[in-house]
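Visitor: Show me the folded form of this:
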Amino acid sequence: MKTNKLQRNLRKGLTLVELAVVVLILGAIITLVAVGINPGEMKDKTAALKLRKDSSELLLHLERYMESNGSYPSEEQGIQALAERPTTGDIPEDYKPVVRKKASVKDPWGSYYALKYNDEGDPEIWTLGKDKQEGGQGKAKDFNIADTDNYPKAFKGKND
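Guide: Numbering: from 1, shown residues only. As a prediction, this is how the structure comes out:
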């Protein structure tokens, strides 16, 4: 009787070999998952999602700004006029911001979007791209975020 009870008590825990096998299996699974994730690609996908989201939201916010103030902000006032009172140009007397957070008027790389108007007078929202400087190619290309056909290849979805 005593021997059976002692053997059962010893068998309740894992042996060192069993524990090593479990650790090896977990390590192999983690390695397989980590190899399948490319952080750079994930950041590009996240940036593309933010650009698309911002495109529709900021165009709606510009319309709200126009309705409450009678005109769009000027190119000089920029997209920042949606979040904070402009300091240049025609400043609305009863100005109220249409967005609460300044971060919502910034691109995925932390720069303010540029507000431009096309020949028809329609607003366009531009980003300077990943390099945050005018000009550039690839991920550093300047582009209108509302024109998904002209997104750099890295920021295009599979369906584009």
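
Visitor: ok, residue 122 - how many residues close by?
Guide: Other residues lying near residue 122 total 12 when counted by other CB atoms under 10 Å. The way it works is simple: take the backbone N, C-alpha and C, and place the C-beta from them, glycine included.

Visitor: If you could redo that for residue 59, that was the one I meant.
Guide: Neighbour tally, residue 59, other CB under 10 Å: 15.

Visitor: That one and residue 123 touch, don't they?
Guide: Yes. Using CB atoms under 8 Å, residue 59 makes contact with residue 123 at a distance of 7.1 Å.

Visitor: Tell me where the model's unsure across the chain.
Guide: 1-13, 36-41, 157-160 (pLDDT under 70).

Visitor: the helices in it, which residues?
Guide: 2-11, 16-36, 39-69 (DSSP state H).

Visitor: Mind putting the ones you listed into JSON lines with distance to residue 81?
Guide: Output for the helices of the chain, formatted as JSON lines (distance: least, CB to CB, whole Å):
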{"stretch": "helix 2-11", "distance to residue 81": "73"}
{"stretch": "helix 16-36", "distance to residue 81": "44"}
{"stretch": "helix 39-69", "distance to residue 81": "7"}
